[in-house]
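Colleague: Structure of the sequence below:
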Amino acid sequence: MKSAPKTAGGEAEIFGKVLPPKSGYPSPDMALTITIVMLARRWRALVDEKLRDIGQSASRMEAMSSIAYAPPGTTQIQIAKRVGIEGPTLTRTLDLLEAEGLVERLPDPSDRRNKLMRLTAEGYQTLAHMLQIAASLRAHLLEDVSEEKVREGYDFFSMLLQRIEAGLDLPADQIGKLPGFANDGLPPTTR
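Modeller: Numbers count the residues shown, from 1 in each chain. Down below sits the predicted model:
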């Protein structure tokens, strides 16, 4: 295991060698990924805050939307994949939604091990209310942003998502190599 560099030698031993340089930090590509993460977290927190007022959450809205818009015969496992979460995590959410009468789990006639999902009438009404709240927030967020800019942003982020979902395999000899660094990214004492 690599030991942490000592800072006694000064910042010159750290920045630009072990860590990215301070000048120009963060780089435009790093700033983009930081902003994507911050945007997603803050958007979700805002939606959660507003949905809490009606006893709901963003995760419930995502699960219910995935069920509502899924093709007929979609299983619980397929819903988890659509939402992008692990099956057990979705199971807990669905247990609560089912107990509240918002979703139903039905036996899959082709495979008894699977459960098919559908919203109840009350589930559709609750989802409609959640989507209206999210739409109001979205309209306020995107106020004065042209439809063209929205489309460009959507296209760009969709492309990034496709690349991530396709897998970002980095050759083993490139892992840990930091572009633009004065060395291999290791502190001088560990080389």
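Colleague: Could you list every helix and strand that whichever helix in the chain runs longest packs against?
Modeller: Taking DSSP state H as the criterion, the chain has its longest helix at helix 28-52. Applying 3 or more Cβ pairs under 8 Å, 6 or more residues apart in numbering; DSSP states H and E, we find helix 28-52 packed against helix 58-69, helix 121-141. Bear in mind the C-beta positions are built from the backbone N, C-alpha and C, glycine included.
Colleague: and stretch 26-38, how far out from the chain's middle?
Modeller: In terms of Cα atoms, centre = their mean, to the nearest Å, the centre of stretch 26-38 is set 15 Å apart from its chain centre.
Colleague: Count the neighbours of residue 20 for me.
Modeller: 18 (other Cβ atoms under 10 Å).
Colleague: in terms of contact, does it touch residue 30 like I think?
Modeller: Yes - applying Cβ atoms under 8 Å, one finds residue 20 in contact with residue 30, separated by 7.3 Å.
Colleague: What is the longest strand of this protein by residue count?
Modeller: In the chain, assigned by DSSP state E, the strand with the most residues is strand 111-119.
Colleague: other SSEs contacting it?
Modeller: Strand 111-119 sits against helix 58-69, helix 76-83, strand 103-108, with contacts defined as 3+ Cβ pairs under 8 Å, 6+ apart.
Colleague: hmm, who's touching that strand?
Modeller: Strand 111-119 has contacts (Cβ atoms under 8 Å, 6 or more residues apart in numbering) with 64, 67-68, 70, 73-77, 79, 94, 102-108, 127.
Colleague: Show me which of those are buried.
Modeller: Using 16 or more other Cβ atoms under 10 Å as the burial test, the contacts of strand 111-119 include 64, 67-68, 70, 74-76, 79, 94, 102-105, 127 as buried.
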